[in-house]
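**Student:** coordinates for the following, if possible.
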Amino acid sequence: MKFGTKAIHAGVEPDPTTGAIMTPIYQTSTYVQKSPGDHKGYEYSRTHNPTRTALQNALAALENGSHALCFASGMAAIDAVIKLLKPGDEVIATNDLYGGTYRIFTKIFQNYGIKFHFTNMSDLGNVEALVNENTRIIWLETPTNPLLNIIDIKGCAAIAKKHNVLLVADNTFATPYLQTPLDLGADIVMHSLTKYMAGHSDVVMGALIMKDADLAQELAFIQNACGATPGPQDCFLVLRGLKTLHIRMERHCQNGRKVAEFLQNHPKVEKVFWPGLEEHNNHAVAKEQMRDFGGMISFVLKGDRQEDAIRTLERFHYFSLAESLGGVESLCGHPASMTHASIPREERMKAGLSDSLIRLSVGIEDAEDLIADLEQAIGS
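**Tutor:** Below you'll find the predicted structure:
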């Protein structure tokens with residue numbers, strides 16, 4: 001089954017009671033049992049809900065996994081993975097990652113005796129050098145947020161297998177339309193479904209997908225015991241979004257290329273971060289593990305001044321200044337003061353995230369209008 005067909009059909013069936021082609025929203029907290037323990041597979045909606053089950057089945061199919069678990073947010077999904085650990089365990093993570101991930105690692109779980117190492121994972125030698133007897137997880141994003149660095153998933157998987165540690169891949173920027181980390185050796189794929197997977201900026205949700213049944217059982221226990229589960233209405237919205245994921249991502253990629261090339265040739269732009277450019281560090285790895293290069297782009301203006309970046313962000317018409325990404329509409333943001341403000345400035349600067357970096361989530365509008373908006377916002 002090809003991806004577009006899978007996006008529409010995998011994991012979902014017409015409602016057996018009515019024949020409804022869309023999965024119903026099972027807006028219920030509990031389920032009637034014939035006798036204690038004698039039920040139809042559902043007891044309480046924190047544990048299982050039919051709408052959520054359909055979404056989890058669809059996600060597993062799209063990522064070529066066997067099991068998927070949905071959570072109330074991407075952060076709740078991350079929280080569940082780190083709860084697999086115990087005091088004294090260590091995690092190796094990329095030094096260029098979403099600010100919320102950095103925050104939960106350093107401000108929450110570090111207090112429970114878990115140690116986190118942040119390094120430039122574009123160079124696999126940095127990863128190998130940090131592995132020790134306490135390492136339990138290697139955590140990567142690729143492309144990274146917000147510098148669009150590319151990390152070799154296969155290479156990281158080889159290191160993880162060699163040392164018997166889990167490899168977790170945040171696939172939010174790429175989606176399974178562009179890459180499937182489980183096929184490249186990852187143990188767990190994490191998504192903020194809020195972004196491209198739902199695709200319409202109207203829901204907050206996260207997910208974990210894996211192939212290993214025992215690992216899935218451990219994480220399902222955490223999902224149920226800690227209770228950060230999404231409601232059926234939100235699951236319905238993500239299911240709806242998945243049905244157009246392939247055509248949306250195709251347009252995001254097309255527009256992303258046009259915008260990146262425009263920015264690359266603009267006289268006031270110093271540097272463009274987009275993995276589809278041949279000049280991009282690790283472009284060859286991106287070409288190897290991705291099917292296209294996505295709609296996320298970051299750039300720095302010449303002079304690298306924060307005031308110029310802020311002025312540009314305030315001038316946009318079609319690029320709305322807002323947190324988040326991956327919706328049908330184009331968004332712009334200032335990572336240093338918005339999505340990555342929780343990372344200390346010194347750490348941001350070491351990773352290459354300057355105060356003047358602008359991040360774009362290129363939507364599916366007409367590319368000519370987006371380029372005209374960039375032209376007037378940046379100025380000549």
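
**Student:** for the helix or strand of the chain with the lowest mean pLDDT, list every residue counted as buried.
**Tutor:** Ranked by mean pLDDT, DSSP states H and E, the weakest helix or strand in the chain is helix 345-351, scoring a mean of 80. Buried residues in helix 345-351, defined by neighbour count with 16 or more other C-beta atoms under 10 Å: Arg348, Ala351. Every C-beta, even on glycine, is put in place using the N, C-alpha and C of the backbone.

**Student:** give me the contact list for it.
**Tutor:** Asn95, Asp96, Tyr102, Phe118, Asn120, Leu147, Ala336, His340, Ser354, Asp355 (C-beta atoms under 8 Å, 6 or more residues apart in numbering).

**Student:** pull the distance from it to the chain's centre.
**Tutor:** Relative to its chain's centre, helix 345-351 lies at 22 Å (C-alpha atoms, centre = their mean, to the nearest Å).

**Student:** hang on, isn't Ile114 packed against Val91?
**Tutor:** Yes: taking contact to mean C-beta atoms under 8 Å, the distance of 6.6 Å between Ile114 and Val91 places them in contact.

**Student:** find residues that contact each of those two.
**Tutor:** With C-beta under 8 Å, 6+ apart as the test, Ile114 and Val91 both reach Ile82, Leu85, Phe105.

**Student:** my read: Val131 touches Val165, true?
**Tutor:** Yes: assessed by C-beta under 8 Å, Val131 is found in contact with Val165 at 7.2 Å.

**Student:** quick check: domain ranges of the protein?
**Tutor:** The domain map for the chain lists 3-242, 245-378, with the assignment taken from automatic domain parsing.

**Student:** avg pLDDT for the first one?
**Tutor:** Right, the one you point to is domain 3-242. Domain 3-242 shows an average pLDDT of 97 in the prediction.

**Student:** can you give me the offset of it from its chain's centre?
**Tutor:** 9 Å.

**Student:** which of Val131 and Val165 has more neighbours?
**Tutor:** A direct count of neighbours by other C-beta atoms under 10 Å for Val131 and Val165 places Val165 higher, at 20 against 17.

**Student:** count the neighbours of the closest residue in space to that one that isn't next to it in sequence for me.
**Tutor:** Nearest-residue entry for Val165: Thr135, 5.2 Å, with adjacent residues in sequence omitted and distances by C-beta to C-beta, 6 or more residues apart in numbering. Counted with other C-beta under 10 Å, residues neighbouring Thr135 total 21.

**Student:** and Thr135, what does it touch?
**Tutor:** Residues in contact with Thr135 (C-beta under 8 Å, 6+ apart) are Asp89, Glu90, Val91, Ile92, His163, Val165.

**Student:** now the fifth one, nearest residue through space, not along the chain?
**Tutor:** Once flanking residues are discounted, His163 sits nearest to Val131: 5.0 Å by C-beta to C-beta, 6+ apart.

**Student:** show me what contacts that neighbour?
**Tutor:** With C-beta under 8 Å, 6+ apart as the criterion, the residues that contact Val131 are Ile92, Ile138, Ile159, His163, Val165.

**Student:** okay if I get those as JSON lines plus distance to Lys40 and secondary structure?
**Tutor:** Compiled in JSON lines, these are given as follows (distance: C-beta to C-beta, whole Å; DSSP: H, G, I helix; E, B strand; the rest coil):
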{"residue": "Ile92", "distance to Lys40": "44", "secondary structure": "strand"}
{"residue": "Ile138", "distance to Lys40": "40", "secondary structure": "strand"}
{"residue": "Ile159", "distance to Lys40": "45", "secondary structure": "helix"}
{"residue": "His163", "distance to Lys40": "44", "secondary structure": "helix"}
{"residue": "Val165", "distance to Lys40": "39", "secondary structure": "coil"}
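
**Student:** tell me the contacts of Val204?
**Tutor:** When contacts are counted by C-beta under 8 Å, 6+ apart, Val204 touches Ala72, Ser73, Thr194, Asp234.

**Student:** which residues touch stretch 181-191?
**Tutor:** Applying C-beta under 8 Å, 6+ apart, the contact partners of stretch 181-191 are 59, 63-65, 74, 77-78, 81, 153-154, 156-158, 160-161, 166-172, 175-176, 180, 197, 206-212, 215, 219, 289.

**Student:** now intersect the contacts of Val204 with the helices, please.
**Tutor:** Counted as lying in helices by DSSP state H, out of the contacts of Val204, are Asp234.

**Student:** list just the nearest of the contacts of Val204 to Lys34.
**Tutor:** The shortest distance between Lys34 and any of the contacts of Val204, using C-beta to C-beta, involves Asp234 and amounts to 29.8 Å.

**Student:** leaving out chain neighbours, which residue sits closest to the closest one?
**Tutor:** Taking C-beta to C-beta, 6+ apart as the measure, Asp234 lies nearest to Val203, with 4.8 Å between them; neighbours along the chain are not counted.

**Student:** and the gap between that neighbour and Gly231?
**Tutor:** Val203 sits 10 Å away from Gly231, going by C-beta to C-beta, to the nearest Å.

**Student:** same question for Glu279.
**Tutor:** Distance, Glu279 to Gly231, using C-beta to C-beta: 45 Å.

**Student:** these two: who's more crowded?
**Tutor:** When neighbours are counted by other C-beta under 10 Å, Gly231 comes out ahead of the other of Glu279 and Gly231, with 19 against 9.
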